[in-house]
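>>> Got a predicted model here, sequence first, then my questions.
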Amino acid sequence: MVVVVGMLVSFYSKSSKDAKDSVLKTLISSTETYGERFLSRLDGMDKAGEPVRILLASEGTKDGDRVEELLGVAAEAAGVETVLYSDEKGTAVDQKGNTLDIGKTTWFQEVLLGERPYIYAQEVESIAVAKPVSAGGEQGYLILLYPMSQFADMLMNSGFDSTSFLVVADLEGNVLGTSGSTTNGCLKDGNLFSALEPENKDNVRVLRNRIGNGSRGNLDMQTGKQFHVVTFVPLGSCRWDMVLGVSAAYVERQAGYLCSTTKSMVISLLIVIGVFFCTVMAINIVGKIRSNEKKKELENKADTDLLTGLSNKLATERKIKDYMAKNPDKQSMMFMIDIDNFKKINDTMGHAFGDEVLRALGVQIGAIFRASDIVGRVGGDEFMVFLKDISNDEDILKEAKKVENFFKSFQAGEYVKYKATASIGVAVFPQEGDDFETLYKAADQGVYKAKKRGKNQLAFYRDRTPVEQVAAEN
């Protein structure tokens, strides 16, 4: 009997220890998940800001209105309230046009060092995601600020008790953001170590060393009149830790459930973990879908000419190059359209009317081609059309005639009707150019021929006047 009782006591003791160890491991896993969600938010901001960084680098930062517009787009895509563009001296502007001097802040000095992907900006209680921008020979920074107030919802519907808390802290124990209970003593004075040290000197020393070494684990802590199990996990290269505090009573209850009904508790725990995992995955998937939608919308805006609604020069060139690379043997044709005497239109009828002519041309010319064809504005009064997969010479002539006839009936202006004409050059891919640059030059030669022959007409690159024919034969 004594032996059996001893074995039962030993088994119960071991089961209790294993159950508590299991609960502690679950806390570490949960803390890792919260850390991944937090970093995922910052990573999403970083990705949302990348297209805007590219545009700032390519367009430059001299146009203040354009910079503010791009910063607004980045703020909307990243889901934050503040996005800045700053030069190396720390003179910054936000998406609303407000000018700020951040040069003397500690966090901006860390931005200049470029050693860490995310930096805590204590003055504004935000995480700064900084992206270097080289524009016009000058170095600047696109800075997206994630307010730590948004971190407060991280522990919502967690399943832990009401005294639980979640903290992001640096290696010195300074609290960067909190979620959950705000009444416990560990959040006092903004430093985790100093708040816990009076009642937990030995454990705080261990906690300080383990966080400094990048370790993860659990420690028992007294927080005022309560006792908590504090779980800590490093957040990658940020040199921060995610710290989860759950009451010791909660841990004991969970361990008790495991001991009393091991099998049912394992099933319940698996269901809880499954639901939790599915919830996290669902949130991540929805977040990624929304992020991709915003990214797609941003890319579309970046590719669109604001005046005509057609593709801009960079987008037109990129789309044509992509098609050429994927379809090197499919016959296609490129039109270069140059509005005749457009400077005269602007000088005599005003730039507003000139814009109206371009806008009308963009709408009407885009409607006469297939949705798969590429139509773009590549200059002030220049348009480019790339017709894909033109199978024979008869279709080439048919399409050329369609474009030529288009300008015979094209009119612009709501009150004053203006009949605009154009000089049009045509080149055929791949016969007259198997890459974009060569084909572009060939089509441009067609424009030159059309202008030389008196404008208001279409000319193929392969067309030759009698004089040109004799010169070619000789």
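Structure's in. What do you need?

>>> Thr231 bridge partners, please.
Asn218, Leu244 (DSSP bridges).

>>> Return the set of buried residues in stretch 409-428.
For stretch 409-428, burial by neighbour count (16 or more other C-beta atoms under 10 Å) applies to 410, 412, 420, 422-428. Backbone N, C-alpha and C define where each C-beta goes, glycine included.

>>> just checking, which of those belong to strands?
422-428 (DSSP state E).

>>> so which of those comes closest to Asn218?
Of all those, Asn218 sits closest to Ala427, with 70.7 Å by C-beta to C-beta.

>>> Could you report the neighbour count for Ser194?
Neighbourhood size, Ser194 [other C-beta atoms under 10 Å]: 15.

>>> so who does it touch?
By C-beta atoms under 8 Å, 6 or more residues apart in numbering, Ser194 lies in contact with Gly173.

>>> Could I get the pLDDT score of it?
You'll see Ser194 listed with a pLDDT of 88.

>>> quick revisit: how about JSON lines for the buried residues of stretch 409-428, with distance to Trp107 and pLDDT added?
Output for the buried residues of stretch 409-428, formatted as JSON lines (distance: C-beta to C-beta, whole Å; pLDDT from 0 to 100):
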{"residue": "Phe410", "distance to Trp107": "56", "pLDDT": "82"}
{"residue": "Ala412", "distance to Trp107": "53", "pLDDT": "76"}
{"residue": "Ala420", "distance to Trp107": "54", "pLDDT": "81"}
{"residue": "Ala422", "distance to Trp107": "54", "pLDDT": "88"}
{"residue": "Ser423", "distance to Trp107": "56", "pLDDT": "91"}
{"residue": "Ile424", "distance to Trp107": "56", "pLDDT": "92"}
{"residue": "Gly425", "distance to Trp107": "54", "pLDDT": "93"}
{"residue": "Val426", "distance to Trp107": "57", "pLDDT": "94"}
{"residue": "Ala427", "distance to Trp107": "54", "pLDDT": "94"}
{"residue": "Val428", "distance to Trp107": "57", "pLDDT": "93"}
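
>>> Of those residues, just say which sits nearest to Gly190.
Ala412 (64.1 Å).

>>> Quick check: that closest one touching Gly362?
No. The pair Ala412 / Gly362 is not scored as a contact, 10.5 Å apart, by C-beta atoms under 8 Å.

>>> neighbours around the nearest residue to Gly425 once chain neighbours are set aside, how many?
Nearest residue to Gly425, sequence neighbours excluded (C-beta to C-beta, 6 or more residues apart in numbering): Gly446, at 2.5 Å. Counted with other C-beta under 10 Å, the neighbours of Gly446 add up to 24.

>>> From Thr31, how far out is the nearest residue in space to Lys388 that is not next to it in sequence?
What sits nearest to Lys388 in space, not counting adjacent residues and going by C-beta to C-beta, 6+ apart, is Ser332, at 5.2 Å. Remark: distance between Ser332 and Thr31 (C-beta to C-beta, to the nearest Å) = 57 Å.

>>> can you pull the buried residues of stretch 403-410?
The neighbour-count check on stretch 403-410 (16+ other C-beta under 10 Å) flags 403-404, 406-407, 410 as buried.

>>> Would you mind giving the residues you listed as CSV with distance to Asp18 added?
Formatted as CSV, the buried residues of stretch 403-410 follow (distance: C-beta to C-beta, whole Å):
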residue, distance to Asp18
Val403, 79
Glu404, 85
Phe406, 80
Phe407, 84
Phe410, 82
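
>>> just so I have it, where are all the helices in the stretch 251-400 of the chain?
262-303, 313-326, 342-349, 351-367, 393-409 (DSSP state H, counting those that start in this stretch).

>>> can these go into JSON lines with extra columns for distance to Val246 and mean pLDDT?
Formatted as JSON lines, the helices of the stretch 251-400 of the chain follow (distance: least, C-beta to C-beta, whole Å; pLDDT from 0 to 100):
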{"stretch": "helix 262-303", "distance to Val246": "14", "mean pLDDT": "71"}
{"stretch": "helix 313-326", "distance to Val246": "52", "mean pLDDT": "93"}
{"stretch": "helix 342-349", "distance to Val246": "70", "mean pLDDT": "83"}
{"stretch": "helix 351-367", "distance to Val246": "60", "mean pLDDT": "85"}
{"stretch": "helix 393-409", "distance to Val246": "71", "mean pLDDT": "87"}
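
>>> Dump these into TSV; add distance to Ile211 as well.
Formatted as TSV, the helices of the stretch 251-400 of the chain follow (distance: least, C-beta to C-beta, whole Å):
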stretch	distance to Ile211
helix 262-303	24
helix 313-326	47
helix 342-349	66
helix 351-367	59
helix 393-409	69
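
>>> And those helices: which comes nearest Glu437?
With C-beta to C-beta as the measure, helix 313-326 is the member of the helices of the stretch 251-400 of the chain nearest Glu437 (9.6 Å).

>>> got the domain boundaries for this structure?
Domain assignment for the chain by automatic domain parsing gives 41-147, 313-473.

>>> out of these, deepest packed?
The highest mean neighbour count among those, using mean count of other C-beta atoms under 10 Å, belongs to domain 41-147: a mean of 18.

>>> Now do the end-to-end distance for that one.
One end of domain 41-147 sits 11 Å from the other (C-alpha to C-alpha, to the nearest Å).
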